[in-house]
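**Student:** with the sequence up front, the predicted model follows.
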Amino acid sequence: MSLPRRKNAWGQLVRSKIAGQAANLRCLGHKDWRCLERMTGDVRSGDPVNVEGRAARYYWPRLFAGSKFSRVPQDGMGHNAMLNYGYTVLRGYGIRAILSAGLSGTIGLFHSNRSNAFNLVDDLIEPFRPAVDWVVANLPPEVSVEHASVRHQLVAGSTQAFGPDGLSVAATLNDLAQQLGRYAEKQVDRLQVP
(Lines give C-alpha, C1' and ligand atoms only; values in the text may rest on other atoms or scores of the structure.)
Protein backbone atom coordinates (compact mmCIF):
# COMPACT_ATOMS: atom_id res chain seq x y z
CA MET A 1 0.00 0.00 0.00
CA SER A 2 1.35 3.43 -0.87
CA LEU A 3 2.29 5.83 1.91
CA PRO A 4 -0.53 8.28 1.03
CA ARG A 5 -3.12 5.46 1.19
CA ARG A 6 -1.74 4.27 4.55
CA LYS A 7 -1.82 7.82 5.93
CA ASN A 8 -5.35 8.35 4.68
CA ALA A 9 -6.52 5.13 6.34
CA TRP A 10 -4.81 6.09 9.61
CA GLY A 11 -6.49 9.49 9.54
CA GLN A 12 -9.89 7.82 9.10
CA LEU A 13 -9.22 5.48 12.05
CA VAL A 14 -8.16 8.38 14.31
CA ARG A 15 -11.17 10.48 13.29
CA SER A 16 -13.52 7.64 14.16
CA LYS A 17 -11.82 7.00 17.50
CA ILE A 18 -12.17 10.65 18.54
CA ALA A 19 -15.82 10.64 17.43
CA GLY A 20 -16.36 7.60 19.67
CA GLN A 21 -14.73 9.38 22.58
CA ALA A 22 -16.99 12.39 22.00
CA ALA A 23 -20.02 10.08 21.94
CA ASN A 24 -18.97 8.56 25.27
CA LEU A 25 -18.75 11.98 26.91
CA ARG A 26 -22.08 13.04 25.38
CA CYS A 27 -23.84 9.90 26.62
CA LEU A 28 -22.35 10.40 30.09
CA GLY A 29 -23.81 13.91 30.17
CA HIS A 30 -20.57 15.91 29.85
CA LYS A 31 -21.19 19.24 28.20
CA ASP A 32 -17.58 19.26 26.95
CA TRP A 33 -18.13 16.54 24.34
CA ARG A 34 -18.47 19.08 21.49
CA CYS A 35 -14.80 20.03 21.81
CA LEU A 36 -13.83 16.47 20.96
CA GLU A 37 -16.31 16.38 18.11
CA ARG A 38 -14.71 19.53 16.68
CA MET A 39 -11.29 17.87 16.94
CA THR A 40 -12.40 15.21 14.45
CA GLY A 41 -12.38 17.94 11.80
CA ASP A 42 -8.74 18.73 12.64
CA VAL A 43 -7.53 15.21 11.79
CA ARG A 44 -5.60 15.14 8.52
CA SER A 45 -4.13 12.29 6.55
CA GLY A 46 -1.61 10.54 8.82
CA ASP A 47 -2.59 12.80 11.75
CA PRO A 48 0.69 14.78 11.46
CA VAL A 49 -0.13 17.18 14.32
CA ASN A 50 -1.19 14.38 16.69
CA VAL A 51 -4.82 15.33 17.17
CA GLU A 52 -5.24 11.85 18.64
CA GLY A 53 -2.89 12.75 21.51
CA ARG A 54 -4.59 16.10 22.16
CA ALA A 55 -7.97 14.38 22.19
CA ALA A 56 -6.71 11.81 24.70
CA ARG A 57 -5.44 14.52 27.06
CA TYR A 58 -8.87 16.11 26.91
CA TYR A 59 -10.89 12.89 27.09
CA TRP A 60 -9.43 10.88 29.96
CA PRO A 61 -9.84 13.42 32.80
CA ARG A 62 -13.45 13.99 31.74
CA LEU A 63 -14.31 10.33 31.28
CA PHE A 64 -13.19 9.54 34.82
CA ALA A 65 -14.05 12.89 36.34
CA GLY A 66 -13.26 13.27 40.00
CA SER A 67 -10.44 10.73 39.92
CA LYS A 68 -6.72 11.26 39.46
CA PHE A 69 -6.77 8.95 36.47
CA SER A 70 -3.98 8.95 33.90
CA ARG A 71 -3.15 6.47 31.15
CA VAL A 72 0.49 7.52 31.43
CA PRO A 73 2.13 6.20 33.43
CA GLN A 74 -0.03 3.12 33.50
CA ASP A 75 -0.22 1.88 37.04
CA GLY A 76 -1.83 -1.49 36.24
CA MET A 77 -4.47 -0.88 38.88
CA GLY A 78 -8.08 0.30 38.90
CA HIS A 79 -9.35 1.80 35.66
CA ASN A 80 -6.08 1.12 33.82
CA ALA A 81 -6.18 -2.58 34.62
CA MET A 82 -9.79 -2.82 33.43
CA LEU A 83 -9.04 -0.85 30.26
CA ASN A 84 -6.02 -3.03 29.52
CA TYR A 85 -8.07 -6.19 30.01
CA GLY A 86 -10.83 -4.93 27.72
CA TYR A 87 -8.34 -3.80 25.07
CA THR A 88 -6.68 -7.22 25.18
CA VAL A 89 -10.02 -8.89 24.47
CA LEU A 90 -10.59 -6.40 21.66
CA ARG A 91 -7.10 -7.14 20.31
CA GLY A 92 -7.94 -10.85 20.22
CA TYR A 93 -10.97 -10.12 18.04
CA GLY A 94 -8.76 -7.91 15.88
CA ILE A 95 -6.20 -10.68 15.38
CA ARG A 96 -8.93 -13.02 14.24
CA ALA A 97 -10.33 -10.33 11.91
CA ILE A 98 -7.05 -9.54 10.13
CA LEU A 99 -6.13 -13.19 9.77
CA SER A 100 -9.52 -14.05 8.28
CA ALA A 101 -9.09 -11.11 5.86
CA GLY A 102 -5.69 -12.45 4.79
CA LEU A 103 -3.81 -9.39 6.03
CA SER A 104 -0.30 -9.34 7.47
CA GLY A 105 -0.40 -8.27 11.09
CA THR A 106 3.21 -7.10 11.21
CA ILE A 107 2.67 -4.36 8.62
CA GLY A 108 0.83 -1.54 10.31
CA LEU A 109 -0.65 1.64 8.94
CA PHE A 110 0.80 3.69 11.80
CA HIS A 111 2.12 1.29 14.45
CA SER A 112 5.52 -0.09 13.48
CA ASN A 113 7.17 -1.84 16.42
CA ARG A 114 9.51 -4.55 15.09
CA SER A 115 8.77 -6.85 18.01
CA ASN A 116 4.99 -6.53 17.55
CA ALA A 117 3.52 -9.22 15.31
CA PHE A 118 0.19 -7.38 15.25
CA ASN A 119 0.89 -3.72 14.45
CA LEU A 120 -2.05 -3.70 12.03
CA VAL A 121 -4.38 -4.97 14.75
CA ASP A 122 -3.28 -2.14 17.04
CA ASP A 123 -4.19 0.27 14.23
CA LEU A 124 -7.58 -1.27 13.45
CA ILE A 125 -8.84 -1.49 17.04
CA GLU A 126 -8.44 2.26 17.66
CA PRO A 127 -12.04 3.19 16.72
CA PHE A 128 -13.36 0.40 18.94
CA ARG A 129 -11.47 1.35 22.10
CA PRO A 130 -14.22 3.81 23.17
CA ALA A 131 -16.59 0.81 23.42
CA VAL A 132 -14.32 -0.62 26.14
CA ASP A 133 -13.93 2.83 27.72
CA TRP A 134 -17.73 3.04 27.95
CA VAL A 135 -17.95 -0.24 29.86
CA VAL A 136 -15.20 0.79 32.31
CA ALA A 137 -16.71 4.25 32.84
CA ASN A 138 -20.02 2.64 33.79
CA LEU A 139 -18.58 0.20 36.33
CA PRO A 140 -18.77 1.09 40.02
CA PRO A 141 -15.52 2.72 41.22
CA GLU A 142 -14.88 0.10 43.88
CA VAL A 143 -14.72 -2.90 41.50
CA SER A 144 -11.56 -4.60 40.28
CA VAL A 145 -10.57 -6.57 37.21
CA GLU A 146 -9.92 -9.42 39.64
CA HIS A 147 -13.68 -9.91 40.01
CA ALA A 148 -15.06 -12.45 37.54
CA SER A 149 -18.21 -10.37 37.00
CA VAL A 150 -16.06 -7.38 35.93
CA ARG A 151 -14.10 -9.50 33.46
CA HIS A 152 -17.40 -10.84 32.13
CA GLN A 153 -18.68 -7.28 31.55
CA LEU A 154 -15.43 -6.28 29.84
CA VAL A 155 -15.69 -9.25 27.45
CA ALA A 156 -19.36 -8.43 26.85
CA GLY A 157 -18.27 -4.91 25.87
CA SER A 158 -16.66 -6.38 22.77
CA THR A 159 -19.82 -8.23 21.81
CA GLN A 160 -22.23 -5.33 22.27
CA ALA A 161 -23.88 -3.70 19.25
CA PHE A 162 -21.55 -1.12 17.75
CA GLY A 163 -23.60 0.74 15.19
CA PRO A 164 -27.09 1.25 13.83
CA ASP A 165 -26.89 -2.01 11.85
CA GLY A 166 -26.84 -3.94 15.13
CA LEU A 167 -23.58 -5.78 14.41
CA SER A 168 -21.36 -6.47 17.39
CA VAL A 169 -18.02 -4.79 17.92
CA ALA A 170 -16.28 -8.02 16.87
CA ALA A 171 -18.38 -8.38 13.68
CA THR A 172 -17.86 -4.73 12.75
CA LEU A 173 -14.12 -5.12 13.31
CA ASN A 174 -14.18 -8.14 11.02
CA ASP A 175 -15.99 -6.12 8.34
CA LEU A 176 -13.44 -3.31 8.70
CA ALA A 177 -10.54 -5.75 8.20
CA GLN A 178 -12.21 -7.12 5.06
CA GLN A 179 -12.73 -3.59 3.78
CA LEU A 180 -9.08 -2.74 4.51
CA GLY A 181 -8.05 -5.68 2.34
CA ARG A 182 -10.15 -4.30 -0.52
CA TYR A 183 -8.71 -0.82 0.14
CA ALA A 184 -5.15 -2.17 0.02
CA GLU A 185 -5.92 -3.87 -3.30
CA LYS A 186 -7.44 -0.59 -4.62
CA GLN A 187 -10.89 -2.12 -5.00
CA VAL A 188 -12.27 0.76 -2.93
CA ASP A 189 -10.98 4.33 -2.92
CA ARG A 190 -11.62 5.22 0.70
CA LEU A 191 -11.67 3.27 3.93
CA GLN A 192 -15.07 3.76 5.55
CA VAL A 193 -14.43 3.48 9.28
CA PRO A 194 -17.47 3.01 11.55
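**Tutor:** All right, it came through fine. Numbering: from 1, shown residues only.
**Student:** list the buried residues of stretch 35-51.
**Tutor:** Across stretch 35-51, burial judged by 16 or more other CB atoms under 10 Å covers 36, 39-40, 43, 46-47, 51. Backbone N, C-alpha and C define where each C-beta goes, glycine included.
**Student:** typo on my end, stretch 115-122
**Tutor:** Neighbour count says stretch 115-122 has 118-122 buried, by 16+ other CB under 10 Å.
**Student:** need the buried residues of stretch 35-51 in a markdown table with secondary structure and distance to residue 14, can you?
**Tutor:** What follows is these, written out as a markdown table (DSSP: H, G, I helix; E, B strand; the rest coil; distance: CB to CB, whole Å):
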| residue | secondary structure | distance to residue 14 |
| --- | --- | --- |
| 36 | helix | 12 |
| 39 | helix | 10 |
| 40 | helix | 9 |
| 43 | coil | 5 |
| 46 | coil | 9 |
| 47 | coil | 5 |
| 51 | helix | 7 |
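**Student:** out of the residues you listed, who's nearest residue 106?
**Tutor:** residue 46 (19.6 Å; CB to CB).
**Student:** check contacts around the closest one.
**Tutor:** The contact partners of residue 46, taken as CB atoms under 8 Å, 6 or more residues apart in numbering, are 6-8, 10-11, 110.
**Student:** switch the cut-off to 10 Å
**Tutor:** Contacts here follow CB atoms under 10 Å, 6 or more residues apart in numbering; on that basis residue 46 touches 3-4, 6-11, 14, 109-110.
**Student:** measure it to residue 147 for me?
**Tutor:** Distance from residue 46 to residue 147, counting by CB to CB, to the nearest Å: 41 Å.
**Student:** go on, residue 80?
**Tutor:** For residue 80, the distance to residue 147 equals 16 Å [CB to CB].
**Student:** likewise for residue 88?
**Tutor:** 17 Å.
**Student:** which parts of this protein are helices?
**Tutor:** 3-27, 33-40, 51-63, 78-100, 119-124, 129-137, 148-157, 169-184 (DSSP state H).
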